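>>> Make a model of this:
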Amino acid sequence: MTSTRSWGTCGLLLAGLCAIVLSLAGLPVSPSQAGPTLNYRFGFGKTAQPLESYDPALLAQLRAGMYLDWQTIVQPPRPNGIEYVQMLRVKQVKTDSRYDAPYRVPYTYTVWPAWEKLADCVRANPGALWLVGNEMDRVDWDAGHQDECLPEVYAGVYHEAYTRIKGWDPTAQVAIGGVCQVTPLRLEYLDRVLAAYRTRYGTRMPVDVWNVHAFVLREKRWHEGCPDCWGIDVPAGSSAAAGVLYDIRDSTNLEAFKEQIIAFRRWMRDHGERDKPFIVSEYGVLMPYWVEDEDGRAFTPERVRDFMYASFDYLQSATDPDLGCPADKDRLVQRWVWYSLDGDPEVFGGNLFDSTTRQMTTLGRYWAAYVNDPARMPAPQVNLFPVRAWAGSAADGMTLHALIGNSGSLPVAQSFAVRFEDEAGQTLGEVAVPGLRCCGDSVTVAVQWADAPPGEQRVRVRVDPAGQVAEPDRVDNELTVRVQVVDSPLPTPTPTATATRSTSSPTAVPTSPASTPTGVVPGLVRASPAPPEPPASTASSEASGASQTPALSPGASGEPWPAADWWLGGLLALVALGMGIFLHRREQRKGDPR
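Numbers count the residues shown, from 1 in each chain. Predicted coordinates:
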């Protein structure tokens, strides 16, 4: 990977120290050996063999900057400096393993690994991206390995996971688990999650990164003997009989894929989440080579290649000034993960490597040809810029704020400055930012203007004014805004400068079952490794590496108050009413001439 750093005269020493710091911080680090520069927008899911068993030089030809394997690892392998995405597995407990088995009452969920082991992993990987669950909307089956939860239960799962992870590592990025695809039924599932969270915790659900899967699969409630119930069923907790009834041929329907991306970005905007990064953590063509669609067409490597190339073109270029991520120049999608690196071709299509020979498949060579073609994939780079700037109230002593983004496909692996200047070019304050992820990641910085003259003032924000970060294009590194300063008798505050994250390893914990995508066509039934059985009690869950937590009671949309709390609340209300009447009458007596 080509370095993006400019080190000066102490280059080797600073490079070594920075590599150590960034490794501890969970940010991607440039590999020591020469090789193709990774593009951190592209990623893949690894399902079969340990990543370190593949030739790093071959993996480098994919130029993928991120991967996941549907588990947590204390020291994840990171050949060529690739980023590892952690995943906490969750599941609501059922009475037995039948597909349509009822949920255990009271509602209970498990997490894997157990919270104690998860704490070790979080602390060992500061700044990592964490996905909470995988396809929790998917009604699970014996060999499914999906994280089925009712939406109201998942809200509680997410709250506990978010609170714990942020407590152990405030720099961590926490993302919601990915629903199977973007359809009205799946968006309804997410609406219920958000509503349950607000009802139960009294605030909006905190999500740093939004995440979905974007397969094109049929939504029809499964029942015994159903001839066309392949796909992903309807979401857990839904009363619908069917949703979007895609055909098998639609597995390579690019327009259906695009519609999902736009629909989810519109959903994010409508819920006030537009500024957040959006990743597609699973997508691809699940139909294996031996399946034919309704037109008699097989899913050959060339058919899959054409869809893959078209999707790459779209994901790299699609923008919308009303829907896209402002810190990523209004791109709709910030990062994406292809399914898969090394899946079993007899079960699912899309594998880039043969898990037996450890060599690239035909599709893998097609991928490599795309990402190594400069006409198709521009050279990865850093692009720092001020997204917007604004001023705080006079009561804050004129605080100047700026949102700084990186719309490039490379992370910034070194510290850089953000400087605020007045119209004459005098420095008002400067903030050091220790580094920034790629692909629409952002940070909010702030300084206090000690002697701001009253009236309208022009303020300039300059990102990396010393030019320490290698950027091919610095034309957008400055932004000038007008701010209104109100003369205030308040004391001048002490000048401060801050930077705030926008809310926007061979040694491993026990291996979790890999995610199994959920497209199943007639006759397409294959056995998969069985997941560990949910523990029957807290004691057994500790022994198995999982944790079990009580959730809501059936039919409850929020955490009910105990009866004692209702009594206490009523008593306090009566006391407050009595005090109000007493004070009102006292005021009346004060003005009574009698």
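>>> Is the residue lying closest to residue 266 once chain neighbours are set aside in a helix, a strand, or coil?
Leaving aside its sequence neighbours, residue 266 sits nearest to residue 323 (C-beta to C-beta, 6 or more residues apart in numbering; 6.0 Å). In short, each C-beta sits where N, CA and C put it, glycine included. Following DSSP: H, G, I helix; E, B strand; the rest coil, residue 323 is assigned to coil.
>>> ok, now which ones touch residue 323?
Residue 323 makes contacts with 262, 265, 266, 268, 269, 274, 330, 332, as judged by C-beta atoms under 8 Å, 6 or more residues apart in numbering.
>>> Help me confirm that the first one comes into contact with residue 322.
So that's residue 262. No - using C-beta atoms under 8 Å, residue 262 makes no contact with residue 322, being 10.8 Å away.
>>> so residue 305 sits in a helix?
Yes - applying three-state DSSP, one finds residue 305 inside a helix.
>>> burial of it, as a residue count?
Neighbourhood size, residue 305 [other C-beta atoms under 10 Å]: 18.
>>> Pull the contacting residues for the closest residue to it other than its chain neighbours.
Nearest residue to residue 305, sequence neighbours excluded (C-beta to C-beta, 6+ apart): residue 366, at 4.3 Å. By C-beta under 8 Å, 6+ apart, the contact set of residue 366 is 301, 305, 308, 309.
>>> what secondary structure does the last one sit in?
Using three-state DSSP, the three-state assignment for residue 309 comes out as helix.
>>> Please tell me how far it sits from residue 320.
Applying C-beta to C-beta, to the nearest Å, the value for residue 309 to residue 320 is 22 Å.
>>> repeat for residue 50
Distance from residue 50 to residue 320, by C-beta to C-beta: 40 Å.
>>> Which one's more surrounded, these two?
residue 320 (16 against 12).
>>> what stretches of the stretch 351-500 of the chain score poorly on pLDDT?
393-396, 487-498, 500 (pLDDT under 70).
>>> I meant the stretch 1-150 of the chain, not that one.
If you take pLDDT under 70 as the line, the stretch 1-150 of the chain has these spans: 1-34, 143.
>>> can you pull out the strands in it?
Taking DSSP state E, counting those that start in this stretch, the strands of the stretch 1-150 of the chain run over residues 39-45, 64-68, 83-92, 108-112, 129-134.
>>> rewinding a little: now the contacts of residue 366 in JSON lines, with distance to residue 189?
Formatted as JSON lines, the contacts of residue 366 follow (distance: C-beta to C-beta, whole Å):
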{"residue": "301", "distance to residue 189": "34"}
{"residue": "305", "distance to residue 189": "32"}
{"residue": "308", "distance to residue 189": "28"}
{"residue": "309", "distance to residue 189": "31"}
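>>> Need those in a markdown table (columns: distance to residue 147 and pLDDT).
Shown next, in a markdown table, are these (distance: C-beta to C-beta, whole Å; pLDDT from 0 to 100):
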| residue | distance to residue 147 | pLDDT |
| --- | --- | --- |
| 301 | 31 | 98 |
| 305 | 31 | 98 |
| 308 | 27 | 98 |
| 309 | 31 | 98 |
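>>> Out of these, who's the most crowded?
Neighbour max across these (other C-beta under 10 Å) = residue 308, 22 neighbours.
>>> Please, where are all the helices along the stretch 1-150 of the chain?
11-25, 56-62, 115-124 (DSSP state H, counting those that start in this stretch).
>>> What are the boundaries of the helices in this protein?
For the chain, the helices defined by DSSP state H cover 11-25, 56-62, 115-124, 151-168, 184-201, 254-270, 301-317, 362-371, 538-544, 563-590.
>>> Now that residue 48 has come up, it's in contact with residue 344, right?
Yes - the criterion here is C-beta under 8 Å, and residue 48 meets it with residue 344 at 7.1 Å.
>>> Just list the residues touching residue 418, thanks.
Contacts of residue 418 by C-beta under 8 Å, 6+ apart are 386, 402, 404, 430, 431, 433, 445, 461, 462, 463, 464, 499.
>>> Let's have these in TSV, adding neighbour count and distance to residue 100.
Converted to TSV, those look like this (neighbours: other C-beta atoms under 10 Å; distance: C-beta to C-beta, whole Å):
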residue	neighbour count	distance to residue 100
386	21	54
402	25	53
404	28	50
430	15	61
431	21	56
433	19	52
445	26	53
461	26	57
462	20	61
463	25	55
464	23	57
499	16	51
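>>> which one of those residues sits closest to residue 288?
residue 404 (45.1 Å; C-beta to C-beta).
>>> which one is that closest one nearest to, not counting chain neighbours?
Once flanking residues are discounted, residue 404 sits nearest to residue 443: 5.3 Å by C-beta to C-beta, 6+ apart.
>>> That neighbour against residue 436, yeah?
Yes - Residue 443 lies in contact with residue 436 (C-beta under 8 Å); the separation is 6.1 Å.
>>> who has more neighbours, these two?
Neighbour totals were compared for residue 443 and residue 436, and residue 436 leads with 26 against 22 (other C-beta under 10 Å).
>>> Quickly note the distance from the nearest residue to residue 219 once chain neighbours are set aside to residue 281.
Distances taken as C-beta to C-beta, 6+ apart place residue 243 nearest to residue 219, at 3.2 Å, with adjacent residues excluded. Using C-beta to C-beta, one gets 21 Å for the distance from residue 243 to residue 281.
>>> First-to-last residue distance for stretch 342-356?
9 Å (C-alpha to C-alpha, to the nearest Å).
>>> meant to ask about stretch 433-447, not that
13 Å.
>>> what's the distance between the residue nearest to residue 305 and residue 312?
In terms of C-beta to C-beta, residue 366 sits 11 Å off from residue 312.
>>> I'd like to know which of the contacts of residue 418 is nearest to residue 247.
residue 404 (45.7 Å).
>>> List the contacts of that closest one.
So residue 404 contacts 384, 385, 386, 387, 418, 433, 436, 442, 443, 444, 445, 463 (C-beta under 8 Å, 6+ apart).
>>> and what of residue 311?
254, 257, 283.
>>> these two touch, right, the second one and residue 216?
The one in question is residue 257. Yes - the criterion here is C-beta under 8 Å, and residue 257 meets it with residue 216 at 6.3 Å.
>>> Between those two, point out the one with more neighbours.
The neighbour count for residue 257 versus residue 216, taken as other C-beta under 10 Å, is higher for residue 216 (27 against 23).
>>> Which residue, neighbours along the chain excluded, lies closest to residue 353?
Per C-beta to C-beta, 6+ apart, closest to residue 353 is residue 342, 4.6 Å.
>>> what's that neighbour in contact with, if anything?
Per C-beta under 8 Å, 6+ apart, neighbours of residue 342: 46, 47, 48, 49, 351, 352, 353, 354, 355.
>>> can you tell me how far it sits from residue 131?
Using C-beta to C-beta, residue 342 is found at 20 Å from residue 131.
>>> do the same with residue 173
10 Å.
>>> could you pull out the strands for the stretch 301-450 of the chain?
Going by DSSP E, counting those that start in this stretch, the stretch 301-450 of the chain shows strands at 335-339, 384-391, 399-406, 416-421, 427-433, 441-448.
>>> Need those strands in JSON lines (columns: distance to residue 376).
Shown next, in JSON lines, are these (distance: least, C-beta to C-beta, whole Å):
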{"stretch": "strand 335-339", "distance to residue 376": "15"}
{"stretch": "strand 384-391", "distance to residue 376": "25"}
{"stretch": "strand 399-406", "distance to residue 376": "22"}
{"stretch": "strand 416-421", "distance to residue 376": "30"}
{"stretch": "strand 427-433", "distance to residue 376": "32"}
{"stretch": "strand 441-448", "distance to residue 376": "24"}
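>>> Could you single out the most deeply buried of the ones you listed?
Stretch with highest mean neighbour count among these: strand 335-339 (a mean of 25; mean count of other C-beta atoms under 10 Å).
>>> helices and strands around that strand, which ones?
Other elements packing on strand 335-339 under the criterion 3 or more C-beta pairs under 8 Å, 6 or more residues apart in numbering; DSSP states H and E are strand 39-45, strand 64-68, strand 278-283.
>>> what would those look like in JSON lines with distance to residue 158 and mean neighbour count?
As requested, the helices and strands packed on strand 335-339 are exported to JSON lines (distance: least, C-beta to C-beta, whole Å; neighbours: other C-beta atoms under 10 Å):
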{"stretch": "strand 39-45", "distance to residue 158": "22", "mean neighbour count": "26"}
{"stretch": "strand 64-68", "distance to residue 158": "18", "mean neighbour count": "24"}
{"stretch": "strand 278-283", "distance to residue 158": "15", "mean neighbour count": "26"}
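>>> Thanks a lot, catch you later.
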